[in-house]
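Colleague: quick one: sequence and predicted model below, then my questions.
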Amino acid sequence: MKTLKVALTQFELRAEHTVDGFLAHMESLVAEAAVQGAEAVVFPELASTGLLASLDDHTVTTATVADDYRHRLTGFTDTIVTGLVRMAQEHGIVVIGGSHNRTAGDGSLRNTAYVVFPDGRVASQDKIHLTPPEHAMGMLGGDDLLVTRIGAFTVGVLICADIQFPELSRALEQRGVDLIVCPSLTWNRRGVHRVRTGCQARAMEMQSYVVMSPLIGHSGLPADAPLYAVGRALAAGPVDKTIGSNDGILALATTDKEEIVYVDLDRDLLLASREKPEIPGLKLRRPDLYPKLLADGAS
């Protein structure tokens, strides 16, 4: 099969009082996606943030939240990944389970996305370009790119801000990637537009598909400044007559509530777009010129 049906969750941030309750929330959407025939389901960045509500020994505030991310939320991650493996196996679907806080082997705090397959395999991608708040809490960015296969597609994962850096997408394209998955968390409309514009731009310039899943809503925490997550799930592709979209948007959520957006991605159509580009496209790039321009700019 050269097509892939992907379910993009617009996942609601709720006060999750137990990890089992959180996993049940995720699984309700995994099950729905599987029933609808999706072969992969995508969740957002820091999908488990609602588990701050499970901390009952203190009130989570802006003064405690950095320590809670580092020392408390990270304790749930192994259990969450185990749950994602079970969901993928039981529902027969690839679960791109969003990103979660984890403690790396070197003791550093990471923002890590997981891709879980029905055969039990688990792949992961650390966020590379961190936000100022992530730097402030001592988080470290990753330094490598995951490339994996889902159906007919070669897939990479860029977490939220990473989609705004064309160098990463170019590196993925050079490794054969034709589908980029973007788990995202944005808390204002500027962030929403940065990620959405980044997804559309990367799809256009790389002649690739880009799909994005956002976190939405709020859990009431931190108590003194609750995080309100906003965004619309979307799928983007090249802007040309072959794909048949004048703005590159192939699917887009229609509400600000929790929902699933479905998109059927056709790899043969994408390859046809690349073979006969309407715009300059990958085939008409000038890679012999770019090293000189970069060198001139650095001098």
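Modeller: Looks like it came in fine.

Colleague: so where is the stretch 1-150 of the chain shaky, pLDDT-wise?
Modeller: Filtered on pLDDT under 70, the stretch 1-150 of the chain yields the residue ranges 1.

Colleague: what about Gly231, distance to Val116?
Modeller: Using CB to CB, to the nearest Å, Gly231 is found at 23 Å from Val116. Any C-beta I mention is one placed from the backbone N, CA and C, and that applies to glycine too.

Colleague: among the two, which residue is more densely surrounded?
Modeller: A count of neighbours by other CB atoms under 10 Å puts Gly231 above the other of Gly231 and Val116, at 27 against 24.

Colleague: next up, the contacts around the residue nearest the centre of the chain.
Modeller: The structure's the chain has its C-alpha centroid closest to Pro183; by CA atoms, centre = their mean the separation is 1.8 Å. The contact partners of Pro183, taken as CB atoms under 8 Å, 6 or more residues apart in numbering, are 42-45, 47, 96, 98-99, 113, 157, 159-160, 212-213.

Colleague: please work out how many residues are found near the nearest residue to it once chain neighbours are set aside.
Modeller: Of all residues not flanking Pro183 in the chain, Glu45 sits nearest, at 4.3 Å (CB to CB, 6 or more residues apart in numbering). Using other CB under 10 Å, Glu45 has 28 neighbouring residues.

Colleague: wait, Glu45 sits on Gly191?
Modeller: No - contact criterion CB atoms under 8 Å: Glu45 and Gly191 do not qualify, at 11.1 Å.

Colleague: now do the residue nearest to Asp178 when sequence neighbours are not counted, the pLDDT please.
Modeller: Counting by CB to CB, 6+ apart, Ser208 is the residue found nearest to Asp178 once chain neighbours are left out, at 5.1 Å. Per-residue pLDDT puts Ser208 at 97.

Colleague: verify the contact between Ser208 and Val177 for me.
Modeller: Yes - using CB under 8 Å, Ser208 is in contact with Val177, at 6.8 Å.

Colleague: distance of Leu23 from Thr197?
Modeller: Distance, Leu23 to Thr197, using CB to CB: 33 Å.

Colleague: these two: which has the busier surroundings?
Modeller: For Leu23 versus Thr197, the count of surrounding residues by other CB under 10 Å is larger for Leu23: 21 against 13.

Colleague: now that one, what's its secondary structure?
Modeller: Reducing the assignment at Leu23 to three states with DSSP: H, G, I helix; E, B strand; the rest coil gives helix.

Colleague: that one and Leu271, how far apart?
Modeller: Taking CB to CB as the measure, Leu23 falls 38 Å from Leu271.

Colleague: repeat that for Glu205.
Modeller: Distance, Glu205 to Leu271, by CB to CB: 17 Å.

Colleague: sounds good, over and out.
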